[in-house]
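A.B. asks: Here you go, sequence then predicted model.
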Amino acid sequence: MLKIIIDQNLCCGSARCIDICPEKAISLVDGKAVLDESKCDFDGICIPACPKGAIDYEDEYKDVGCGF
């Protein structure tokens, strides 16, 4: 299963991801976006909404494989 992650170091708190999320699965905490996985349907529409690229799918296979 794909998982969405928010890099707190990159998040600028623009709230664009909050505005676009139909499930209301993202909120701002201390000026940073936080995902509530229990509400998220993992469709990824929040990913391109982030102006800083702080949201992405978790790459659980990044260190596995033959390097291609």
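C.D. replies: Thanks, I have it.

A.B. asks: In a strand, L28, correct?
C.D. replies: Yes - with DSSP: H, G, I helix; E, B strand; the rest coil as the criterion, L28 is part of a strand.

A.B. asks: was I right about it contacting V34?
C.D. replies: Yes - counting by CB atoms under 8 Å, V34 is a contact partner of L28 at 7.3 Å. For glycine as for every other residue, the C-beta is placed from the backbone atoms N, C-alpha and C.

A.B. asks: Please name the residues that touch I6.
C.D. replies: In this structure, I6 makes contact with C17, I26, K32, A33, V34, L35, A54, I55, judged by CB atoms under 8 Å, 6 or more residues apart in numbering.

A.B. asks: Same question for A33.
C.D. replies: I6, C11, G13, A15, C17, I18, I26, S27, C50, A54, I55.

A.B. asks: Highest neighbour count among those?
C.D. replies: C17 (25 neighbours; other CB atoms under 10 Å).

A.B. asks: picking up where we left off before, with respect to G44, which of the contacts of I6 is nearest?
C.D. replies: Proximity of those to G44 (CB to CB) peaks at I55, which lies at 8.4 Å.

A.B. asks: Which helix or strand contains I18?
C.D. replies: In this structure, I18 is located in helix 16-20 according to DSSP states H and E.

A.B. asks: Give me the contacts around that helix.
C.D. replies: I6, K24, I26, S27, L28, A33, I45, C46, A49, C50, P51, I55.
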